[in-house]
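*Asks:* Kindly generate the corresponding structure for this input.
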Amino acid sequence: MDRGEVESLAKDALENNPMSAHCEAVLAKAPKCYDFRAIRAWIMCKSWDILEKEKRTKLPVSEAWQEARKVCVE
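*Replies:* I've put the predicted structure just below:
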């Protein structure tokens, strides 16, 4: 598979994969700062949300961590 085919598949996946119901539920509330499992789920869902909205090709996990630190609750 060449680079063009991979980029085409990635673009198609981004355009045709809406956010899952699980991620919608996770992102509906602020993550708890002390609950690693919950905050990790929030971060991965937020990363996918950013990826889909901005049509990126690389998962923005570090950006999601930055946002999680700002919005997490005790």
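*Asks:* all helices of the chain, in order?
*Replies:* 3-16, 21-27, 36-54, 61-71 (DSSP state H).
*Asks:* Please identify the most buried of the ones you listed.
*Replies:* helix 36-54 (a mean of 17; mean count of other CB atoms under 10 Å). Where C-beta positions appear, they are placed from N, C-alpha and C, glycine not excepted.
*Asks:* distance between it and the chain's centre?
*Replies:* Taking the mean of its C-alpha atoms, helix 36-54 sits 3 Å from the chain's own mean (CA atoms, centre = their mean, to the nearest Å).
*Asks:* Pull the contacting residues for Lys46.
*Replies:* Counting by CB atoms under 8 Å, 6 or more residues apart in numbering, Lys46 makes contact with 27, 64, 67-68.
*Asks:* From Lys58, how far off is it?
*Replies:* Between Lys46 and Lys58 the computed distance is 15 Å (CB to CB, to the nearest Å).
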